[in-house]
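Visitor: Build me a model from this:
(one chain, ligands or ions: 1)
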Amino acid sequence: MGDDGTGGAPVEIDADIADAIEGHKRFREDFLRDRAFFEALATAKQKPRLLWIGCSDSRVVPAQITGADPGELFEIRNIANSVPPANSFDDSVGAAIEYAVLHLGVDDIVVCGHTGCGGVAALVEGDSVGETSHLSRWIDLTRPAHALIKAAGVTGPARLDETAKAHVQFQIDNLMTYGIVREGVERGSIGVHGWLYDMREGRLLAYDPDDGQWRDLLSLGS
Ligand SMILES: [Zn+2]
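Guide: Presented below is the predicted three-dimensional model:
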């Protein structure tokens, strides 16, 4: 039989993996067609233009909604696009922020929430995940936004999407607890942007800290 590199365990190809194999086959065709582009990516140091902090949600695809090519977005994706404050329980987000800013020289940071976010809804729906689970500790990061929107008396269908917006604003506050971000913003060398992807309309909204309004991102373009 010989060593097939699988440790002897049979590799099971179910429909989901078969789909990924088919998809990779199509990607290989693109890769070979654009070989020079991919070779340049592989040989040069990455130089992304944005640090994107977004939700893990499979329906919100950063490169798709910003038209970014490989090499253009340095991504942190987690449940509900959260930024734990510096010196909290998590090092993953802080490590990626430091790497992006200090080593890659990224000078724009986008925190992007989205409508219909399950991570934001979790606290309302009281999903039973156990008090001490990783998930409940993480979801707790959305609590300040829920408290704010509840205090503002927002109810009904608008409540969750308004909470998703408030959560983005709180994550921007949390970004400022990282010294390298705060100092960069104060120096004017780093821009921090709060966005929300409206899945039903397929459009990005941008938060304006000057007047607290959310506007269509396209209205900011030239
Ligand atoms: Zn989400």
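Visitor: bridging residues for the residue positioned nearest the centre of the chain?
Guide: Geometric centre of the chain, nearest residue: Gly54, 1.3 Å, by C-alpha atoms, centre = their mean. In this entry, Gly54 is beta-bridged to Arg77, Cys112, by DSSP bridges.
Visitor: Which parts of the worst-scoring helix or strand of the chain on mean pLDDT count as buried, going by neighbours?
Guide: Scoring the helices and strands of the chain by mean pLDDT, DSSP states H and E places helix 118-125 at the bottom, with a mean of 90. Using 16 or more other C-beta atoms under 10 Å as the burial criterion, the residues of helix 118-125 that qualify are Gly118, Gly119, Val120, Ala121, Ala122, Leu123. (Each C-beta comes from the backbone N, C-alpha and C, glycine too.)
Visitor: And for the following helix or strand past that helix, what's in contact with it?
Guide: Using DSSP states H and E, the helix or strand that directly follows helix 118-125 along the chain is helix 134-139. Under the contact criterion C-beta atoms under 8 Å, 6 or more residues apart in numbering, helix 134-139 has outside partners Asn78, Ile79, Ala80, Ser82, Phe89, Gly119, Ala122, Leu123, Val129, Gly130.
Visitor: same check, this time on stretch 156-171
Guide: Against stretch 156-171 from outside (C-beta under 8 Å, 6+ apart): 53, 80-83, 111-117, 120-121, 124, 142, 144-146, 148-149, 152, 154, 194-196, 205, 207, 214.
Visitor: Mind listing what's buried along that stretch?
Guide: Here stretch 156-171 shows 159-171 as buried, counting by 16+ other C-beta under 10 Å.
Visitor: picking that back up, which strands and helices sit next to the least confident helix or strand of the chain?
Guide: Identification of packing neighbours for helix 118-125 by 3 or more C-beta pairs under 8 Å, 6 or more residues apart in numbering; DSSP states H and E yields helix 134-139, helix 143-151, helix 158-175.
Visitor: Kind regards, and thank you for your time.
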